[in-house]
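J.: Sequence and predicted structure, then a few things I'm wondering about:
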Amino acid sequence: MNGGQPEVIVLADAAAVAEHAAGVVDAAIEAALAATGRADIALAGGTTPGLLYDELTKTRATWSGVHLWIGDERCVPYDHPDSNVRMARERLPAPGAVLHMPPPDGDAAKRALAYSFQLKTRALDLVILGLGEDAHTASLFPDDPALQDDARIVSTTTAPKPPPERVSLGLTAIAEAAARLMLVTGAGKREPLGWALGEPDPHYPSSLLPADGTTVLADQAAAG
């Protein structure tokens, strides 16, 4: 990663990762609310983030002042099984929170532009991230031109799985966040985690993240 090594915490399994992550998210929310009266948290899609949201639903009752941002979204309707908006609504109802999301219509570029008007220059307090088997994170894929885009919200058409059109937080917004929390579980993520922790390389987008302020929670299967 950029600037060295992030904090890496190894836990027993995916359930333990989700439980520990819930504590990290909760602490970030409380710190931001105490400082400014508002907390801005970016959400990730995927199996392990889903477990995190289940934990937060059980442990956190008050979401007033919290703004949740969809970190990346496929260009599908909100009710589509692949929609991260749908996942957030179903797995993290967060009563009292404000949910920000890309618009449901238009191509990826139009949706990204519209979403950028919501985020503007706001710095996020915490960005929750997953890690793909090709070391992508959010919807930033290997060697994608979007990696060179300094926009806070970017569009991409290079996703290896359909649909290829996605809207994502850009590296700029992710890097400017106060903190990043990457969740990595399963033996299939062992090699990608090594790539993410290695030297910055656009072929491994997660390696372009700043190490400072980034925490990686990995289960034993992923950590090796």
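T.: Sure thing, it's come through.

J.: and the gap between residue 128 and residue 224?
T.: 23 Å (CB to CB, to the nearest Å). Using the backbone N, CA and C atoms, a C-beta is placed for each residue, glycine as well.

J.: What residues does the residue nearest the centre of the chain make contact with?
T.: For the chain, the residue sitting closest to the mean C-alpha position, by CA atoms, centre = their mean, is residue 129 at 3.1 Å. When contacts are counted by CB atoms under 8 Å, 6 or more residues apart in numbering, residue 129 touches 44, 71, 137-138, 174, 180-183, 206, 209.

J.: and if we set it to 6 Å?
T.: For residue 129, the contacting residues are 44, 137, 182, by CB atoms under 6 Å, 6 or more residues apart in numbering.

J.: Phi first, then psi, for it.
T.: Main-chain dihedrals, residue 129, degrees, to the nearest 10: phi -130, psi 150.

J.: what about it, distance to residue 79?
T.: Remark: distance between residue 129 and residue 79 (CB to CB) = 25 Å.

J.: Spell out the residue ranges of the helices in the chain.
T.: 14-36, 47-59, 84-91, 108-119, 171-176, 190-197, 220-223 (DSSP state H).

J.: in the fourth one, what's buried?
T.: It refers to helix 108-119. Buried residues in helix 108-119, counted by 16 or more other CB atoms under 10 Å: 108, 111-113, 115-116, 119.

J.: again with the third one
T.: Judged by neighbour count using 16+ other CB under 10 Å, the buried positions of helix 84-91 are 84-88, 91.

J.: Throw those residues into JSON lines and include distance to residue 147 and pLDDT, thanks.
T.: JSON lines is the format used below for the buried residues of helix 84-91 (distance: CB to CB, whole Å; pLDDT from 0 to 100):
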{"residue": "84", "distance to residue 147": "20", "pLDDT": "97"}
{"residue": "85", "distance to residue 147": "24", "pLDDT": "97"}
{"residue": "86", "distance to residue 147": "27", "pLDDT": "97"}
{"residue": "87", "distance to residue 147": "25", "pLDDT": "97"}
{"residue": "88", "distance to residue 147": "25", "pLDDT": "97"}
{"residue": "91", "distance to residue 147": "29", "pLDDT": "97"}
